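>>> Curious how this folds, go ahead:
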Amino acid sequence: MSNKKEIIIKATKLKKSFITGDTEQTIFENLDLNIYRGDFTVIMGSSGAGKSTLMYSLSGMDRPSSGEVVWNDKTITSLSDDRLAIFRRKNCGFVFQQIYLLDKMSLMDNVLTASALSGASKKDSVKYAKELFELVNIPEITRKKFPSQVSGGEAQRAGIVRAVINKPEILFADEPTGALNSNNSTAVLDVFTKLHNDGQSIILVTHDKKTALRGNRVLYVKDGMIYGECDLGVYTNESKDREAKLNNFLTEMGW
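Predicted coordinates:
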């Protein structure tokens, strides 16, 4: 039996640049990348290296200046804006550093509102939402509260539930622990680990080594290209060997 991984996203010759006055600023160019089903892919790099820009280009949240992004044989870079929005809604979940929950809705209603956009029945959505809230350790009493009434960690975990309620093919996360304290960060990272162990494909952008340790594949973006890659294997715990391997990799990359 072949152990070859299945490709979900194939990016070819990606370029992203911005025009400021008469100057073109190139973020990355001629970038090729495969994303594999079931991987927890972490994207690292120095500030301004284009980590988030790359993630948004892969997800269809932003369009590359040129090149091609193919999801399971569907070329999303050729889709119209309306069709691309529908594609994202069906295939992508997003978690950001800023927690964009609706202030006047409970945590549960925030999740169910996102689910309603998919056309799922309310009965099925409520059942699955309860399962997810249990997964992220948010009790029923807390689910009824408004975002302003819960901790940052609870709000972010609810944001993850909202992101995966429609069973996205890939969960995208941009610095999801950047605004959280150490305890809340660990709780959120534990959720990502649980989701990955259950088969969720994840792409996560971070500058934090503790967060990166949760991934099985770490990519380093530098000078407009994928400068290096580190295979950490499936996360079990933050062993000294795992941490040393990541530290050595990042040192080689010039971190």
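
>>> from here on, contacts and neighbour counts on C-alpha atoms
Will do.

>>> gap between the residue nearest to Gly215 when sequence neighbours are not counted and Gly153?
Using CA to CA, 6 or more residues apart in numbering and skipping the chain neighbours, the partner closest in space to Gly215 is Phe40 (4.8 Å). Distance from Phe40 to Gly153, counting by CA to CA, to the nearest Å: 21 Å.

>>> Give me the more crowded residue out of those two.
Legend: neighbour count by other CA atoms under 10 Å for Phe40 and Gly153, higher for Phe40 (30 against 21).

>>> mind listing the helices in the stretch 101-250 of the chain by residue range?
107-116, 122-135, 140-143, 152-164, 182-197, 209-212, 240-253 (DSSP state H, counting those that start in this stretch).

>>> So which elements touch the third one?
Right, helix 140-143. helix 107-116 (3 or more CA pairs under 8 Å, 6 or more residues apart in numbering; DSSP states H and E).

>>> what's the neighbour count on Leu117?
11.

>>> cool, and Phe249?
So Phe249, with other CA under 10 Å, has 18 neighbours.

>>> List the contacts of the closest residue to it other than its chain neighbours.
Computed as CA to CA, 6+ apart, the closest residue to Phe249 that is not its neighbour in sequence is Cys230, at 6.7 Å. Going by CA atoms under 8 Å, 6 or more residues apart in numbering, Cys230 touches 217-219, 246, 249.

>>> So which of these is surrounded by the most neighbours?
Val218 (25 neighbours).

>>> nearest to Ile99, of the helices of the stretch 101-250 of the chain?
helix 152-164 (6.1 Å; CA to CA).

>>> Quick check, Cys92 in contact with Ala173.
No. Counting by CA atoms under 8 Å, Ala173 is not a contact partner of Cys92; they are 10.4 Å apart.

>>> do you know how far the most centrally placed residue in the chain is from Ile7?
Nearest to the mean C-alpha position of the chain, by CA atoms, centre = their mean, lies Phe172 at 1.9 Å. Distance, Phe172 to Ile7, using CA to CA: 16 Å.

>>> circling back: contacting residues for the residue nearest to Gly215?
When contacts are counted by CA under 8 Å, 6+ apart, Phe40 touches 196, 201-204, 214-217.

>>> 7 Å instead, please
Listed by CA atoms under 7 Å, 6 or more residues apart in numbering, the contact set of Phe40 reads 196, 201-203, 215-217.

>>> how close does the residue nearest to Phe249 get to Ile160?
26 Å.

>>> do Glu134 as well
12 Å.

>>> So between those two, which is more surrounded?
Using other CA under 10 Å, the more surrounded residue of Glu134 and Ile160 is Ile160, with 27 against 13.

>>> The residue nearest to the more buried one when sequence neighbours are not counted - how many residues pack around it?
Leaving aside its sequence neighbours, Ile160 sits nearest to Val95 (CA to CA, 6+ apart; 6.2 Å). The number of residues packed near Val95 is 23, by other CA under 10 Å.

>>> hang on, Val95 in a helix?
No. Counting by DSSP: H, G, I helix; E, B strand; the rest coil, Val95 falls outside a helix, being strand.

>>> Now the phi/psi pair for the residue nearest to Gly215, please.
When quoted as degrees, to the nearest 10, the phi and psi of Phe40 stand at phi -110, psi 90.

>>> Angles on the backbone of Thr41, please.
Torsion angles, degrees, to the nearest 10, at Thr41: phi -90, psi 120.

>>> Hmm, it is touching Gln200, no?
No. At 11.1 Å, Thr41 does not count as touching Gln200 under the criterion of CA atoms under 7 Å.

>>> thinking again about what came up before, need the contacts of Cys230 in TSV with pLDDT, can you?
Formatted as TSV, these follow (pLDDT from 0 to 100):
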residue	pLDDT
Arg217	97
Val218	98
Leu219	98
Leu246	96
Phe249	97
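
>>> Tell me how far Glu134 lies from Lys167.
On the measure of CA to CA, Glu134 and Lys167 end up 16 Å apart.

>>> Spatially, what comes nearest to Gly50 if we skip its sequence neighbours?
Nearest non-adjacent residue to Gly50, counting by CA to CA, 6+ apart: Ile27, 5.8 Å away.
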